[in-house]
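**Q** Requesting a structural model of the entry that follows:
(one chain, ligands or ions: 1)
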Amino acid sequence: MTVSTPLLKTWLITGASSGIGLNATKQLLQDGHKVIALVRSPQKLQAFTDQYPTTLNILKLDLTQTEKIAPSVERAFQHAGRIDVLLNAAGYALVGAAEELNENAISTQITTNLLAPIYLTKAALPYFREQKTGHILHISSEGGQITYPSASIYHASKWGAEGFFEALAKEVQNLGIKVTLIEPGRIKTEFDNNAVITEPQLDDYRKTTVGTYFRLLAMGRFPMIGDPAKVAQMIIKVSTVTNPPLRLILGSDSYKNIIRETENRLQAAKEQQKTAKSTDIKFIDEN
Ligand SMILES: NC(=O)c1ccc[n+]([C@@H]2O[C@H](COP(=O)([O-])OP(=O)(O)OC[C@H]3O[C@@H](n4cnc5c(N)ncnc54)[C@H](OP(=O)(O)O)[C@@H]3O)[C@@H](O)[C@H]2O)c1
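**A** Presented below is the predicted three-dimensional model:
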């Protein structure tokens, strides 16, 4: 029997304690939906537990403790019986020139932003497959399509997630499971305050684009123009669409940057048509 989509849904959300995840959690609870929050700081949601004792459930999980991810997802499904939407909203940025970053910082960034959402998703998939329905929403970034100097590992985590979720979408499209990558620009959350800035810094990089990026950031040249409540509203809206887009661009900055970089990439790719063909076994020189 095909399960029909209920009007009131149950969401499993990481990063529900701050920023985009918190805004989504608030709006969902206000609208009567159920939320299971996977958070490392449950105390941050205390006020909501009192207000929504039956519709909010909190499970403590630090995403860097990857061995606890699958059991936590299992507990969530067992508790709820059914979960309709997984929202991967937890994440942060590691900032610094690639050469300045130590292996521990790199590994923690990749674990939190890439491995953890992959493990969460893998753990949820058998349940979604059984239900024949489920929507995975992953908060990527404009930084999953474009790059800034000084954020190489952050971009590695976001571009990695873009590849994973795009391929996954193809794998599960006939199983009733939907996948959407959310690509916000700069949103006014705790994101900048929670960024991990590498120390010590190498003087040479102060003279490169890395130094320029830090100076522009300090001058306020990358303002957080996005409203987290509106972003959350749009994320919730996309979860109600029958055929949601694979990618949801949010913010005029994100739109402008992604269009510019995609056009540049397309142009650069087109310029290589002849070289690309030249390595075919049966190469026919059309000129
Ligand atoms: N804000 C932006 O400008 C922007 C732009 C593009 C993409 N994004 C992406 O949006 C997502 C959400 O960021 P935000 O803007 O909402 O930032 P935020 O306000 O800093 O929220 C980040 C959330 O991630 C959680 N988190 C971080 N590390 C964790 C860990 N090891 N285990 C469990 N939870 C962890 C935090 O938990 P605690 O409360 O316990 O710290 C917090 O709930 C991130 O993936 C970010 O890359 C943000």
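**Q** part of a strand, is Asp253?
**A** No: using DSSP: H, G, I helix; E, B strand; the rest coil, the assignment for Asp253 is helix, not a strand.
**Q** The closest residue to Trp159 other than its chain neighbours - how many residues pack around it?
**A** Setting aside the residues directly before and after it, Trp159 is nearest to Gly144 in space (CB to CB, 6 or more residues apart in numbering), at 5.7 Å. Glycine gets a C-beta too; all of them are placed from N, C-alpha and C. By the criterion of other CB atoms under 10 Å, Gly144 has 26 neighbours.
**Q** contacting residues around Gly144?
**A** Contact analysis of Gly144 by CB atoms under 8 Å, 6 or more residues apart in numbering lists His155, Lys158, Trp159, Ala161, Glu162, Leu181, Glu183.
**Q** Any chance of the backbone angles for it?
**A** phi -100, psi 0 (degrees, to the nearest 10).
**Q** mind checking how far it is from the ligand?
**A** For Gly144, the distance to the ligand (CB to the nearest ligand atom, to the nearest Å) stands at 8 Å.
**Q** how close does that residue get to Lys207?
**A** The gap separating Gly144 from Lys207 is 29 Å, by CB to CB, to the nearest Å.
**Q** now do Tyr255
**A** Counting by CB to CB - Tyr255 and Lys207 are separated by 32 Å.
**Q** the more surrounded of these two?
**A** Tyr255 (14 against 9).
**Q** Ends of stretch 272-280, what's the gap?
**A** Across stretch 272-280, the terminal residues are separated by 14 Å (CA to CA, to the nearest Å).
**Q** What is the burial count for Gln78?
**A** Residues near Gln78, counting by other CB under 10 Å: 9.
**Q** got the contact list for it?
**A** Counting by CB under 8 Å, 6+ apart, Gln78 has no contacts.
**Q** same thing with Leu87?
**A** Applying CB under 8 Å, 6+ apart, the residues near Leu87 are Trp11, Leu12, Ile13, Thr14, Gly21, Ala24, Leu137, Ile139, Ile235.
**Q** Beyond the helix or strand harbouring the third one, next helix or strand please.
**A** So the one you mean is Ile13. Mapping Ile13 onto the secondary structure by DSSP states H and E places it in strand 10-14. Counting by DSSP H and E, the next helix or strand C-terminal to strand 10-14 is helix 19-30.
**Q** Can you name every helix or strand that the helix or strand just after that following helix contacts?
**A** Heading C-terminal from helix 19-30, the first helix or strand you meet, by DSSP H and E, is strand 34-39. Here strand 34-39 touches strand 10-14, helix 19-30, strand 56-60, helix 69-80, going by 3 or more CB pairs under 8 Å, 6 or more residues apart in numbering; DSSP states H and E.
**Q** Strands along the stretch 151-287 of the chain, start to end?
**A** Secondary structure of the stretch 151-287 of the chain (DSSP state E, counting those that start in this stretch): strands at 177-184, 196-197, 247-250.
**Q** Pick the most deeply packed of the ones you listed.
**A** strand 177-184 (a mean of 24; mean count of other CB atoms under 10 Å).
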